[in-house]
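In: Give the three-dimensional model of this entry:
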Amino acid sequence: MQRTPEIHPAIAGCLDAGERCLRLAQVLTPEQFARRLPNHDAIGSHMRHCLDYFVCLLRGLEGGLVDYDARDRDSRVASDPVHFSNCLQEALDHLLEACSGGLDRPLRLRQTVAADGRSWTVATTLERELTFLSGHCVHHLAITSLLAQLMGVTVSPELGKAYSTSTHEKTSPGS
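Out: Below is the predicted model:
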């Protein structure tokens, strides 16, 4: 029997976060997905933001420079949960393929880092960026879970829960 190699935790985290986004999109109507509550962005805007970050990383793999400020901000992705789901699934598939070459790949990261608009470029790796992306995505899922609940949509309490919180709750007595 041939044993399949275990997937790297950074990749698994991104795939899981992406699957959580897909599950959320499946339970929302287009109106709920695009609805802005007072003083909050729409769930679709948060989901689009997560997708944009995955796409920025994938683009950066081509030339070695990841620029999270160069997002598409496609309004259709933010308003149509089916279109969002199709685009995210495609990005996750590409991400899995792109990671097959190894995660220690050196990259440069450029991002606006100050309120006055200054950007900065630093050295990073694919592994580090995958680690960042899974947590970033789950952070947005926590916000969108609350927004969905405010609209009366039932979502899993695990949807926006950080991986470290889930692990803590499983291993701590009385949690």
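In: doesn't Ala42 make contact with Pro81?
Out: No. Taking C-beta atoms under 8 Å as the definition, Pro81 is not a contact partner of Ala42, at 10.9 Å. The C-beta positions use only the backbone N, C-alpha and C, and glycine is treated the same way.
In: More neighbours: which of these two?
Out: Shown here are Pro81 and Ala42; by other C-beta atoms under 10 Å, Pro81 has more neighbours (24 against 18).
In: between Pro81 and Ala42, what contacts are shared?
Out: Residues touching both Pro81 and Ala42 comprise Phe33, with contact defined as C-beta atoms under 8 Å, 6 or more residues apart in numbering.
In: Okay, and the most centrally placed residue in the chain sits in which element?
Out: Geometric centre of the chain, nearest residue: Cys137, 3.2 Å, by C-alpha atoms, centre = their mean. Assessed by DSSP states H and E, Cys137 sits inside helix 126-150.
In: Now the helix or strand following that helix - C-alpha only, CSV.
Out: Sequence order places helix 163-171 as the next helix or strand after helix 126-150, per DSSP H and E. In CSV, the C-alpha atoms belonging to helix 163-171 read as follows (Å, rounded to 0.1, in the frame of the first residue of the first chain):
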residue,chain,number,x,y,z
TYR,A,163,-7.4,27.3,15.1
SER,A,164,-5.5,28.0,18.3
THR,A,165,-8.7,28.7,20.1
SER,A,166,-10.2,25.4,18.9
THR,A,167,-7.1,23.6,20.0
HIS,A,168,-7.1,25.3,23.4
GLU,A,169,-10.7,24.4,24.0
LYS,A,170,-10.1,20.7,23.1
THR,A,171,-7.1,20.4,25.4
